[in-house]
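Asks: When you get a sec, could you give me coordinates for this:
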Amino acid sequence: QVQLVESGGGLVQAGDSLKLSCAASGRTFNTYAMGWFRQAPGKEREFVCAIIKSGSSSYCSDSAKGRFTISRDNAKNMMYLQMDNLKPEDTAVYHCAADQVLHNIVVINPASWGQGTQVTVSS
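Replies: Residues are numbered from 1 along each chain as shown. Prediction:
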C-alpha cells in the first residue's frame, strides 16, 4: 500500500484560497487513482475530488466543482488540491486517499488514506 502525508491546511478567511498537498511514498504512485475527502466535526465523511492515474481526467463533488481543482505530478509522487473562494462550510479535516480503483475513492472506501490536514475558514 502507498503511504500518504497531507500538508498545507490552515486558518483562512472566507473568499481566500489554499492549496493542499499530498506526498505519497513508493514507486507505484502512477498505478493509483487519487483523491480527497473531508470530514467536519459531527458530520459524515464527504467526497471532494478524485483524479485518474494519468491525471488527464478528474471529478469533483457539486460543492467543490468550480472552486476546487485537483491535480497530480506523477514524477514527484505528489497530488494537490487548489481551493479557491473558500467558504465557512468548507471547514473540515481534509484527507488524501489512494486506490487502484477510482470508484473506491468516490464512495470513500479507499485502500489508503492519510491522517489529514485541518482547514478552517472563518466568516
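
Asks: contacts and neighbour counts: CA atoms only from here.
Replies: Fine.

Asks: Can you show me the CA trace of the helix or strand encompassing Val5 as CSV?
Replies: Using DSSP states H and E, Val5 sits in strand 4-7. The C-alpha trace of strand 4-7 is given here as CSV (Å, rounded to 0.1, in the frame of the first residue of the first chain):
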residue,chain,number,x,y,z
LEU,A,4,0.2,9.3,2.3
VAL,A,5,1.0,12.6,4.1
GLU,A,6,-1.0,15.7,3.7
SER,A,7,0.1,19.3,4.2
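
Asks: And it, what does it pack against?
Replies: Secondary-structure packing of strand 4-7 (3 or more CA pairs under 8 Å, 6 or more residues apart in numbering; DSSP states H and E): strand 18-24, strand 92-99.

Asks: Pick the most buried one from these.
Replies: Among those, the stretch with the highest mean neighbour count (mean count of other CA atoms under 10 Å) is strand 92-99, at a mean of 26.

Asks: Identify each buried residue in stretch 3-12, please.
Replies: Neighbour counts over stretch 3-12 (16 or more other CA atoms under 10 Å) mark 4-7, 9, 12 as buried.

Asks: Mind putting those residues into TSV with pLDDT and distance to Tyr59?
Replies: TSV is the format used below for the buried residues of stretch 3-12 (pLDDT from 0 to 100; distance: CA to CA, whole Å):
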residue	pLDDT	distance to Tyr59
Leu4	97	20
Val5	98	21
Glu6	98	20
Ser7	98	21
Gly9	98	21
Val12	98	25
